[in-house]
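Q: let's see this in three dimensions:
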Amino acid sequence: MKITIIGTGYVGLVTGACLAEIGNEVACIDIDEKKIAVLQSGGIPIHEPGLKELIDRNRAAGRLWFSTDLPAGVAHGSVLFIAVGTPPGEDGSADVGYVLAAARGIASHMREFKVIVNKSTVPVGTADRVAASVRRELENRGVSYGFTVVSNPEFLKEGAAIQDFMRPDRIVIGNADDEAGQFGREQMARLYKPFNRNHERTMYMDVRSAEFTKYAANSMLAARISFMNELSNLAERVGADIESVRRGIGSDPRIGYDFLYSGVGYGGSCFPKDVQALARTGVESGASMRILDAVQEVNRQQSEIFTSKITNRLGERLNGRVFAIWGLAFKPNTDDMREAPSRTIISNLLARGARVKAYDPVAMEEADKAITSDLQSSPDQLMRVEFVGSADEAAAGADALVIVTEWKEFKMPNFQRLRELLKAPLIFDGRNLYEADALASAGFEYYCMGRPAVVPARARDIGHETSHLEIR
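A: A predicted model of the protein is given here:
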């Protein structure tokens, strides 16, 4: 089939590359000339494991191409995916301006029937707005080409997007009941047939239910994370170990283990935006979304709670302290810094006078941009941030190690060397990477999330009042 993808961001690139991989002819269109130039030269603007190799292979085979030529893209595809951004507005609602602009662009250049697919994450009712925009533009042109708007939300995890697309848990298709909508359903069934050979994964429903499904899925997962973080905070107060609790409840098949890890909160391009947008939809519809409000509040507090572990140990004034930060991206296997907890934690430390030496395996460039933006009004704080080339370099001479992202390379460090690098054997672990016994044997003070701290009876003094040191 001939497919056009409008938007070469995360979703657009993964969708285009994967559809080309199964034999389709795919044109990826974007108005961003710099991004297209990078793609045309063999580069890639995002980090996603396996994506560059997939793009290179399909470009070489002639099944995938990139351009800013929207008329050519519209002419090429019988099915046109809209995969542009939907950033949050000031009121928390999703801004669908780019989606509607893409719809008008399609209508400006179409010369035949088109199946228009909303792949972007959009509020309920957006397909109707897309259809209205296309219809108005066609009327302005004085033409009456047929079309249908289909909702096909994505369910891709950053860091595992290729596998998620090629081996999906489910494929959600929302189509209208009229003749055009049924034709759109048939085209989508044909497109996704290769993904259904073992068993049928496609779920067909009305358009609004499909739009709602995407927000509901992400909000449910975010709720699990926030609920587990709230349990984690309580576990510390009552002397329980949240890791034992996680295993205990996760073994129940009605609950399962996924998204039950406590930590410093969720981030990224999806959960914060989608939870906020669904909550806003509730407000606009007169339905209070109290659980979602709590999910957001717990997530906002989690980075502050983690920061308080540091200040409870070292005091509110951190002037002269140097902290090694391991991990900056909001999760492993991505360079995405959108809503990353590291940004809040670093800002909190800098505001208290600390210095930061930060390292991430892939997100250094994006982190530099994000933190520079965060601190543009505080140049004195920005001067106290140093991005370094390795985990060891970050730890060298630091007063404490702060772990924010659970990259694999952080999971089994050489603790003897780490202790030699740090000024003092002090670790604040926001992802519960290590076992307490191992840290105790290595002589570390160890503070994590929802688990008892490890504090040796004769913890090394690092130049602070011992009133902040709790001996257990």
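Q: who touches residue 384 in this structure?
A: Contacts for residue 384 (Cβ atoms under 8 Å, 6 or more residues apart in numbering) come out as 350, 354-356. Glycine gets a C-beta too; all of them are placed from N, C-alpha and C.
Q: could you chop the protein up by domain?
A: Domain assignment for the chain by automatic domain parsing gives 2-205, 297-468.
Q: mind telling me which of those the model trusts least?
A: Note on the domains of the chain: domain 297-468 shows the lowest mean pLDDT, a mean of 92.
Q: what's the longest helix in this protein?
A: Of all the elements of type helix in the chain, the one with the most residues (DSSP state H) is helix 207-238.
Q: for the protein, which segments count as strands?
A: With DSSP state E, the ranges of strands along the chain come out as 2-6, 25-29, 64-67, 79-82, 114-118, 147-151, 171-174, 202-205, 322-326, 355-359, 385-387, 400-403, 426-429, 445-447.
Q: columns mean neighbour count and distance to residue 281 on top of these, output as TSV?
A: Formatted as TSV, those follow (neighbours: other Cβ atoms under 10 Å; distance: least, Cβ to Cβ, whole Å):
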stretch	mean neighbour count	distance to residue 281
strand 2-6	25	24
strand 25-29	24	29
strand 64-67	22	34
strand 79-82	27	20
strand 114-118	26	16
strand 147-151	25	15
strand 171-174	23	16
strand 202-205	15	18
strand 322-326	25	36
strand 355-359	22	37
strand 385-387	18	37
strand 400-403	26	36
strand 426-429	24	37
strand 445-447	23	39
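Q: I'd like those strands as a markdown table, with distance to residue 333 appended.
A: Below are the strands of the chain laid out as a markdown table (distance: least, Cβ to Cβ, whole Å):
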| stretch | distance to residue 333 |
| --- | --- |
| strand 2-6 | 23 |
| strand 25-29 | 22 |
| strand 64-67 | 23 |
| strand 79-82 | 24 |
| strand 114-118 | 27 |
| strand 147-151 | 28 |
| strand 171-174 | 23 |
| strand 202-205 | 27 |
| strand 322-326 | 15 |
| strand 355-359 | 16 |
| strand 385-387 | 19 |
| strand 400-403 | 16 |
| strand 426-429 | 19 |
| strand 445-447 | 25 |
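Q: so for residue 377, which of those strands sits nearest?
A: Distance to residue 377, taken as Cβ to Cβ, is lowest for strand 385-387 among the strands of the chain, at 14.5 Å.
Q: ok, residues contacting that closest one?
A: Under Cβ under 8 Å, 6+ apart, the answer for strand 385-387 is 346, 350, 355-359, 364, 367-368, 371, 375.
Q: now do 6 Å
A: Contacts with strand 385-387, where a contact means Cβ atoms under 6 Å, 6 or more residues apart in numbering, come from 356-358, 364, 368.
Q: and which of those residues is nearest to residue 428?
A: Relative to residue 428, and with distances defined as Cβ to Cβ, the nearest of the contacts of strand 385-387 is residue 356, at 12.9 Å.
Q: ok so, going back, closest one of the contacts of strand 385-387 to residue 145?
A: Of all the contacts of strand 385-387, residue 145 sits closest to residue 368, with 46.8 Å by Cβ to Cβ.
Q: the longest helix of the chain to strand 147-151, inter-axis angle?
A: 20 degrees (axes from the mean of the first three to the mean of the last three Cα atoms, to 10 degrees).
Q: picking that back up, need the domains of the chain in CSV (columns: distance to residue 272).
A: Output for the domains of the chain, formatted as CSV (distance: least, Cβ to Cβ, whole Å):
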stretch, distance to residue 272
domain 2-205, 8
domain 297-468, 4
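Q: among these, which is nearest residue 265?
A: domain 297-468 (3.6 Å).
Q: so how far is the closest one from its chain's centroid?
A: A distance of 21 Å separates the centroid of the chain from that of domain 297-468, by Cα atoms, centre = their mean, to the nearest Å.
Q: next one: stretch 172-191
A: Stretch 172-191 has its C-alpha centroid displaced from the chain centroid by 29 Å (Cα atoms, centre = their mean).
Q: cool, stretch 283-301 as well?
A: Here stretch 283-301 is found 19 Å from its chain centre; the criterion is Cα atoms, centre = their mean.
Q: again with stretch 29-38
A: 22 Å.
Q: list the buried residues of that stretch.
A: Neighbour-count burial for stretch 29-38, counted by 16 or more other Cβ atoms under 10 Å, picks out 29-31, 35-36.
Q: where's residue 50 relative to residue 165, distance?
A: 11 Å (Cβ to Cβ, to the nearest Å).
Q: who has more neighbours out of the two?
A: residue 165 (21 against 14; other Cβ atoms under 10 Å).
Q: does the more buried one really touch residue 17, like I thought?
A: No. Counting by Cβ atoms under 6 Å, residue 165 does not reach residue 17; the two are 8.6 Å apart.
Q: contacts only, for the nearest residue to residue 298 once chain neighbours are set aside.
A: In space, and not counting its chain neighbours, residue 298 is closest to residue 226: 4.0 Å by Cβ to Cβ, 6 or more residues apart in numbering. Taking Cβ under 6 Å, 6+ apart, we find residue 226 in contact with 295, 298-299.
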